[in-house]
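Engineer: Compute the structure for the input listed below.
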Amino acid sequence: MNEAEGEPVSISAFALRAGEEIGVSRWFLIDQGRIDRFAVAVEDHQFIHVDPERAHVETPFGGTIAHGFLCLSLLSAMAYDVLPRFREPLISVNYGLDRLRFLAPVSAGERICGRFVLAEALERKPGGFRLRHEVTVEREGATRPALVADWITMLMVRE
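Structural biologist: Next up is the predicted model:
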């Protein structure tokens, strides 16, 4: 069972889990349709992403690969799978990334998931926390991950 399916927890109790693995998301299929839609959304139509025949012939990848930022953008969906439901009404916002490395390409047709470790939870003000998750985006059946990142978010209790 993912954290998100369990009983609601307080943000303070969750913060005590710093240093623990929080969970692993479901698998996300990175098919050519998803890659093509992302290319349109971000206006990045480089052939390695959107032209399977040319990518097969002209790259060492054997076909098209996903944009690194496509895989990164799925962190939010992956987090919804693993983060707990909180008792408090919260607003969550991205604060940034301290470290991001794209380690291996994700080929069209591969599946990826996110593994989350709560590395740090700092209470910035009463009810407001800055969380840092060490995230690894894994490729199904591969030993080398697609990416690793230190992802920072802010959680604020709505008043």
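Engineer: check contacts around the spatially most central residue of the chain.
Structural biologist: The centre of the chain sits closest to L75, judged by CA atoms, centre = their mean, with a distance of 2.0 Å. Applying CB atoms under 8 Å, 6 or more residues apart in numbering, one finds that L75 lies in contact with 114, 135, 137, 149, 151. Glycine gets a C-beta too; all of them are placed from N, C-alpha and C.
Engineer: Looking at neighbours, which among those is most surrounded?
Structural biologist: Neighbour counts for the contacts of L75 (other CB atoms under 10 Å) peak at G114, which has 29 neighbours.
Engineer: Show me what the helix or strand hosting it packs onto, helices and strands only.
Structural biologist: Element membership of G114 [criterion: DSSP states H and E] is strand 110-125. Strand 110-125 sits against helix 11-15, strand 20-24, strand 28-30, helix 75-82, strand 128-139, with contacts defined as 3 or more CB pairs under 8 Å, 6 or more residues apart in numbering; DSSP states H and E.
Engineer: Format those as JSON lines; extra columns: distance to R101.
Structural biologist: As requested, these are exported to JSON lines (distance: least, CB to CB, whole Å):
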{"stretch": "helix 11-15", "distance to R101": "26"}
{"stretch": "strand 20-24", "distance to R101": "19"}
{"stretch": "strand 28-30", "distance to R101": "18"}
{"stretch": "helix 75-82", "distance to R101": "14"}
{"stretch": "strand 128-139", "distance to R101": "10"}
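Engineer: dump the residue contacts of R17.
Structural biologist: Contacts of R17 (CB under 8 Å, 6+ apart): 118, 121.
Engineer: host element of it?
Structural biologist: Using DSSP H and E, R17 falls outside every helix and strand.
Engineer: what ranges of the protein fall below the confidence cut-off?
Structural biologist: Applying pLDDT under 70 to the chain flags the ranges 1-4, 159.
Engineer: In it, spot the helix with the most residues.
Structural biologist: Of all segments of type helix in the chain, defined using DSSP state H, the longest is helix 32-42.
Engineer: Dump the following helix or strand past it to CSV, restricted to CA.
Structural biologist: Downstream of helix 32-42, the first helix or strand assigned by DSSP H and E is helix 47-50. Taking Å, rounded to 0.1, in the frame of the first residue of the first chain, the C-alpha atoms of helix 47-50 are listed here in CSV:
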residue,chain,number,x,y,z
PHE,A,47,14.3,14.7,-33.8
ILE,A,48,15.7,12.4,-31.1
HIS,A,49,12.4,12.8,-29.4
VAL,A,50,9.8,13.0,-32.2
